[in-house]
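Chemist: I'll drop the sequence and a predicted model, then ask my questions.
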Amino acid sequence: MQNKNKTVIKSMDLLNLFLTHHKLSMNDMVQLSGMPKTSVHRMIGSLSDMGFLHKNKDGYYSLGLLFLQFGNLVAERLDIRHIALAIMEKLRDDIGFAVHLVLRDGEASIYIEKLDTHHPVRLFTKIGKKAPLYAGASSRTILAFMPDSETEAYLAEVELEPIGSGTILGKDELRALLAQTRQTGYSFSRSELEDYTAELSAPIFDHSGQIIAALSIAGLEVQFGEEHIPDLIQKVRSAAAEISLKLGYGGSRV
């Protein structure tokens, strides 16, 4: 906490409550945060005045429209998103699966772009959704190609908790899958983040050869028949390599 403004950090803790709650009363925020009511009341007033929170007529608070403005600016300024979009559209139209672009966000992965399919059944994924680095093909792709020291530090600290019925819960098994991903250049998961779904992912590298993102396709598990997977692997890896090339990557890590 040294050299950090405690009020700012506590205000951020309040805002983080809205990641999992659409709207909250002041009492809700007091209960969930564990902060004194007077402190919460003071911070809510400041956050509302600045446009970070909006109070409706029933007395409940939700995130203010200022976040939409900032969110749009962040999305517009993510060069990789613009570079990848045309390639993602081509891949989606070719294979008919949802296509995702995923970045690392600390000890999680975050979906920054999604192209959905025209199928009536849609996936749980959405832009802004996060997943732990140990769960799901995209997360595991990022974890596999992170610097070894960072990967090992993460594995030493993380507790593997079940999310879907197929979530990897053993660290030895996880390490083996990470090694396999580094060797083959792709990762595949079944029912790790949501039951009955599957995801196939490949790494995207920047001009320095560092992992910068993961490209993935996802759909219902039954759509990933064993006879189709080799062709899907080739297409996802090829699309990811094309994005890497446009980002200035000229090497071959896989």
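Modeler: Perfect, thanks for sending it. In this text, all values refer to a predicted model and were calculated from it rather than measured experimentally. Numbers count the residues shown, from 1 in each chain.
Chemist: quick one, what contacts residue 179?
Modeler: Counting by C-beta atoms under 8 Å, 6 or more residues apart in numbering, residue 179 makes contact with residue 144. The way it works is simple: take the backbone N, C-alpha and C, and place the C-beta from them, glycine included.
Chemist: element containing it, please.
Modeler: Using DSSP states H and E, the element containing residue 179 is helix 171-184.
Chemist: what distance separates that helix from the centre of its chain?
Modeler: Offset of helix 171-184 from its chain centre (C-alpha atoms, centre = their mean, to the nearest Å): 20 Å.
Chemist: okay, domains of this structure per the record?
Modeler: Domain ranges of the chain: 6-69, 78-246, per automatic domain parsing.
Chemist: turn these into TSV, including mean pLDDT.
Modeler: As requested, those are exported to TSV (pLDDT from 0 to 100):
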stretch	mean pLDDT
domain 6-69	90
domain 78-246	91
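Chemist: which of the three states applies to the residue minimising distance to the centre of the chain?
Modeler: In the chain, the C-alpha closest to the average C-alpha coordinate belongs to residue 110, at a distance of 1.7 Å (C-alpha atoms, centre = their mean). Per DSSP: H, G, I helix; E, B strand; the rest coil, the secondary structure class of residue 110 is strand.
Chemist: quick check: bridge partners of it?
Modeler: residue 103, residue 130 (DSSP bridges).
Chemist: tell me the contacts of it?
Modeler: Counting by C-beta under 8 Å, 6+ apart, residue 110 has contacts 102, 103, 104, 128, 129, 130.
Chemist: which among the residues you listed gets closest to residue 151?
Modeler: Nearest to residue 151 among the contacts of residue 110: residue 104, at 11.5 Å, using C-beta to C-beta.
Chemist: does residue 142 touch residue 212 like I think?
Modeler: No - if you go by C-beta atoms under 8 Å, residue 142 and residue 212 don't touch, sitting 9.1 Å apart.
Chemist: and the contacts of residue 110 as JSON lines, adding distance to residue 118 and neighbour count?
Modeler: Formatted as JSON lines, the contacts of residue 110 follow (distance: C-beta to C-beta, whole Å; neighbours: other C-beta atoms under 10 Å):
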{"residue": "102", "distance to residue 118": "22", "neighbour count": "28"}
{"residue": "103", "distance to residue 118": "26", "neighbour count": "20"}
{"residue": "104", "distance to residue 118": "30", "neighbour count": "19"}
{"residue": "128", "distance to residue 118": "22", "neighbour count": "12"}
{"residue": "129", "distance to residue 118": "21", "neighbour count": "16"}
{"residue": "130", "distance to residue 118": "26", "neighbour count": "15"}
